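1. Quick one: sequence plus predicted model below, questions after.
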Amino acid sequence: MGDNSSVHQEGFRGWEVEHGGNGWAVEKNLTMVPGAPSQTCFVTSFEWCFKRQLVDLVKEGVWQELLDSAQIEIYIADWWGARENCGCIYRLRVRLLDEHENEVVKFSASPNPVLQWTERSCRQVSHVFTDFGKGIRYVSFEQYGRDTRSWVGHYGALVTHSTVRVRIRLS
């Protein structure tokens, strides 16, 4: 998966998408996201929008023996934010799945909603999966968002620079 570095060019390619309200859109970031190769984002609407990418770690080049070793950790991160004039709600769920796509372990984040008329800013959610045992094959990266005012258009959560990295632990 890498990251959303080419969101603007690729749009929703590789994502399973459910459009609530006026659906997802792609826009330029309102504020700079540190380290993001591209300053574009996905933005949600006035009803729940859902987006999921299923990452096949073996297909991405990580051999199963390494995944099954205790040396591997899987780092995930996501950046999200809101417009200044409208609040938003954001949720993230990342699940590690086996070869049959059964859930082995998951991480969920439900940060407090951003309130209307607060400063617009980018916030990062991150997690490191360790000691998850043998048999992991897929990462299911799932994002949810909506605005808090039920405004027509795209005033909900802005999401960008979604990342999945497999790392070898040195200690």
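-> Happy to help now that I have it.

2. can we go C-alpha only for contacts and neighbour counts from here?
-> Noted.

3. Tell me which helix or strand in the chain has the weakest average pLDDT.
-> One helix or strand of the chain scores below all others by mean pLDDT, DSSP states H and E: helix 7-10, with a mean of 48.

4. next structured bit after it?
-> Moving toward the C-terminus from helix 7-10, the next helix or strand (DSSP states H and E) is strand 16-18.

5. chain center to whatever helix or strand comes next after that following strand, what's the gap?
-> For strand 16-18, the following helix or strand on the C-terminal side (DSSP H and E) is strand 25-28. Remark: strand 25-28 is offset 15 Å from the chain centroid, using C-alpha atoms, centre = their mean, to the nearest Å.

6. Over to stretch 20-39?
-> With C-alpha atoms, centre = their mean, you get 12 Å for stretch 20-39.

7. same thing with stretch 56-65?
-> 20 Å.

8. Contacts for that stretch, please.
-> The contact list for stretch 56-65, computed with C-alpha atoms under 8 Å, 6 or more residues apart in numbering, reads Gly135, Arg137, Tyr138, Val139.

9. Quick check: which element contains the second one?
-> For Arg137, the element it lies in under DSSP H and E is strand 136-147.

10. average model confidence for that strand?
-> For strand 136-147, mean pLDDT rounds to 95.

11. again with stretch 73-80
-> 94.

12. starting at the chain centroid, how far to it?
-> Chain-centre distance of stretch 73-80: 7 Å, with C-alpha atoms, centre = their mean.

13. Grab the nearest non-local neighbour of Ser162.
-> Asp78 (4.4 Å; C-alpha to C-alpha, 6 or more residues apart in numbering).

14. With His19 instead?
-> Excluding the flanking residues, the one nearest His19 by C-alpha to C-alpha, 6+ apart is Cys49, at 5.1 Å.

15. How about Ser69?
-> In space, Ser69 is closest to Lys134, 7.2 Å off (C-alpha to C-alpha, 6+ apart).

16. can I assume that neighbour sits in a helix?
-> No - under DSSP: H, G, I helix; E, B strand; the rest coil, Lys134 sits outside any helix and is assigned coil.

17. gap between the spatially closest residue to Ile136 that is not a sequence neighbour and Leu54?
-> Once flanking residues are discounted, Ile136 sits nearest to Asp98: 4.5 Å by C-alpha to C-alpha, 6+ apart. Noted for Asp98: a distance of 12 Å to Leu54, by C-alpha to C-alpha, to the nearest Å.
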